[in-house]
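Colleague: Next come a sequence and a model predicted from it.
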Amino acid sequence: MSHELTAVNRQRPGNNLNTAKGKGQARILMLAPVCLQEADPEAIVSAKLARALLRAGYDLYVLTAESDVRTYRYPPTLADGRDDLSRVCHSINMPARWTVQNALLHFRAARETGYLWKGVGWAGGATGTAVALQMHRRYSAVISRSSPSELVALVLAKHHGAKWIATWNDPYPWERYPVPYRDGPTAKLSASKERLLIEVAKYAAWHVFPCERLRDYMLSYMPEEIRNRSSIIPHLIAESPAPPPRHLETRTMNIVHAGALTPPRASEQFLKGLRLFVQREGVDPSTVRVHFIGLIPPNFQGMLRECSVASYCTFHGPVDYSAANKRISSADVALLIEADLDEGIFFPSKFVDYLQCGRPIFAVGPREGTVSDLIGQYGGGVVADCRSPQAIAEGLRVMYRSWCSGRLAQDYAVGRLRDCFTEDRAMATVAKILDAVMAGDRLTARRT
């Protein structure tokens, strides 16, 4: 057994390759640099998927990371030893900031994967361990989650026969994020990134996206044939959701926003819409209160004063993910503020968190987009065009009057929408994907 594999087995008591064997089902290696520390959206959605795979009986092992380098959306919460996820995770320890060790890991990543850019150090630490695991276990599938895990998965698929299921929760590579984040789907890439996209298309057996609009966006610059070996698996509702809302007798409609408010999210447009709403309805701060959980941009307080709505807003600062969900669960309305895009190609993880907490959603975002599609089809909230303060004010008015009549939960019931994101649905899709990639393996074997 290799040194890397031995290191995995020694990582923590009981953390060995046989810890969480499934019920005779497929063996899966998940490459998730952020997962165990549930402190930002990518880690939260990866942890939910990993727990769902474990509950479905799969023989799962996860390579992840622990580091104090990252700026977290939430204060980090590390799964404890009683959590099944912690028992199947092996953390590749990343050095803090730009140490000599970190630089060496970047060069090791370049040597082992053929690619080098800032942030690939985890691949330098994980590739050797992943190769040793694949050679020892011969996993049925390797699932890559967030960058740079795709580089590790590429090595496993290209040189060790792994069936690679690539997950794209955001546009890839990052240079092709839509305007105004970056330069859009036609952005010029380095020769290295162009080569990487070609290799991804060639060696990934299957591609997973959280929504149709993101798939369509990425396939505008990747081979269209990928559509025939791709699936949609949205972010999941946790099996054990946040506590049910407390129904308090209150004369205040409480609206909660959790997460980032940084540009290009349309936070200023929301405040302008809030100003129009309170002026037109004549409501005072004792009647409507907007609660912001998390860090706020430096200029946000100034925008509040300019819009004359500071007295309607309360700030709670960063809290951990569990505490955030408790606050959301006790609110009347959950507020989602998306970026001002021509098309909403993203599927915000916060959208599912709000549904997990059972809250009607007031979504401020693109007129055309994933969130608008979902609420338009299944209900559960109101969508307002993020470019129109008038539309935002009207959306607030509609939800406010529903709240005043005591019909908010009935008018914007989230049950049908929530059912779209259950573990059972996702695991049914995972089973089909695994059947497809393994059938491809058997077909190749017959042809040879």
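Modeller: The structure has been received and is ready for your questions.

Colleague: which SSE is the residue lying closest to residue 371 once chain neighbours are set aside in?
Modeller: Counting by Cβ to Cβ, 6 or more residues apart in numbering, residue 363 is the residue found nearest to residue 371 once chain neighbours are left out, at 4.9 Å. Where you see a C-beta, it was placed from the backbone N, CA and C, and this is true even at glycine. Following DSSP states H and E, one finds residue 363 within strand 361-365.

Colleague: Which strands and helices lie in contact with that strand?
Modeller: helix 267-281, strand 333-337, helix 349-356, helix 370-378, strand 381-385, helix 389-404 (3 or more Cβ pairs under 8 Å, 6 or more residues apart in numbering; DSSP states H and E).

Colleague: repeat that with 6 Å
Modeller: Using 3 or more Cβ pairs under 6 Å, 6 or more residues apart in numbering; DSSP states H and E as the contact criterion, the elements in contact with strand 361-365 are strand 333-337, strand 381-385.

Colleague: Do you have the helices of the stretch 101-250 of the chain handy? List them.
Modeller: For the stretch 101-250 of the chain, applying DSSP state H, counting those that start in this stretch gives helices covering 121-137, 149-160, 191-203, 212-219.

Colleague: So what's the residue count around residue 425?
Modeller: Residues within reach of residue 425, counting by other Cβ atoms under 10 Å, total 15.

Colleague: typo on my end, residue 93
Modeller: Quick note: residue 93 (other Cβ under 10 Å) scores 11 neighbours.

Colleague: and it, what are its bridge partners?
Modeller: residue 66 (DSSP bridges).

Colleague: pretty sure the residue nearest to residue 371 contacts residue 372?
Modeller: No: contact criterion Cβ atoms under 6 Å: residue 363 and residue 372 do not qualify, at 7.4 Å.

Colleague: out of the two, which sits in the more crowded spot?
Modeller: Between residue 363 and residue 372, residue 363 has the larger neighbour count (other Cβ under 10 Å), namely 26 against 19.

Colleague: So, low pLDDT: which residues of the stretch 201-350 of the chain?
Modeller: By pLDDT under 70, the weakly predicted segments of the stretch 201-350 of the chain are 240-250.

Colleague: Could I get the full set of strands for the stretch 1-150 of the chain?
Modeller: Taking DSSP state E, counting those that start in this stretch as the test, the strands found in the stretch 1-150 of the chain are 27-31, 59-66, 89-93, 141-144.

Colleague: and these, which is most packed in?
Modeller: strand 141-144 (a mean of 26; mean count of other Cβ atoms under 10 Å).

Colleague: Give me the sheet partners of it and which way each runs.
Modeller: Taking DSSP bridges as the criterion, strand 141-144 forms sheet pairs with strand 27-31 (parallel), strand 164-167 (parallel).

Colleague: chain center to that strand, what's the gap?
Modeller: In terms of Cα atoms, centre = their mean, to the nearest Å, the centre of strand 141-144 is set 17 Å apart from its chain centre.

Colleague: List of residues touching it?
Modeller: Residues outside strand 141-144 that contact it (Cβ atoms under 6 Å, 6 or more residues apart in numbering): 28-31, 150, 153, 156, 162-166, 434.

Colleague: mind redoing it with 7 Å?
Modeller: Under the criterion Cβ atoms under 7 Å, 6 or more residues apart in numbering, residues 26, 28-31, 150, 153, 156, 162-167, 434, 437 lie in contact with strand 141-144.

Colleague: Closest one of the residues you listed to residue 382?
Modeller: residue 167 (30.5 Å; Cβ to Cβ).

Colleague: What pLDDT is listed against the closest one?
Modeller: Reading off the confidence values, residue 167 has pLDDT 98.

Colleague: again, but for residue 25
Modeller: Per-residue pLDDT puts residue 25 at 73.

Colleague: quick one, what contacts it?
Modeller: Shown in contact with residue 25 (Cβ under 7 Å, 6+ apart): 57, 58, 59.

Colleague: now do residue 295
Modeller: When the contact criterion is Cβ under 7 Å, 6+ apart, the partners of residue 295 are residue 318.

Colleague: and it, which of the three is it?
Modeller: Judged by DSSP: H, G, I helix; E, B strand; the rest coil, the three-state class of residue 295 is coil.

Colleague: Surely residue 219 and residue 226 touch.
Modeller: Yes: under the criterion of Cβ atoms under 7 Å, residue 219 makes contact with residue 226 at 6.1 Å.

Colleague: Tell me which residues of the helix ranked longest in the chain come out buried.
Modeller: Criterion DSSP state H: the longest helix present in the chain is helix 423-447. Across helix 423-447, burial judged by 16 or more other Cβ atoms under 10 Å covers 423, 426, 427, 430, 433, 434, 436, 437.

Colleague: Specify the residue ranges that define each domain of this structure.
Modeller: 3-236+423-447, 253-421 (automatic domain parsing).

Colleague: Out of the contacts of strand 141-144, which is nearest to residue 174?
Modeller: residue 150 (12.0 Å).

Colleague: What pLDDT is listed against the nearest residue to the closest one once chain neighbours are set aside?
Modeller: Spatial nearest neighbour of residue 150, excluding adjacent residues (Cβ to Cβ, 6+ apart): residue 144 at 4.8 Å. Residue 144 carries a pLDDT value of 98.
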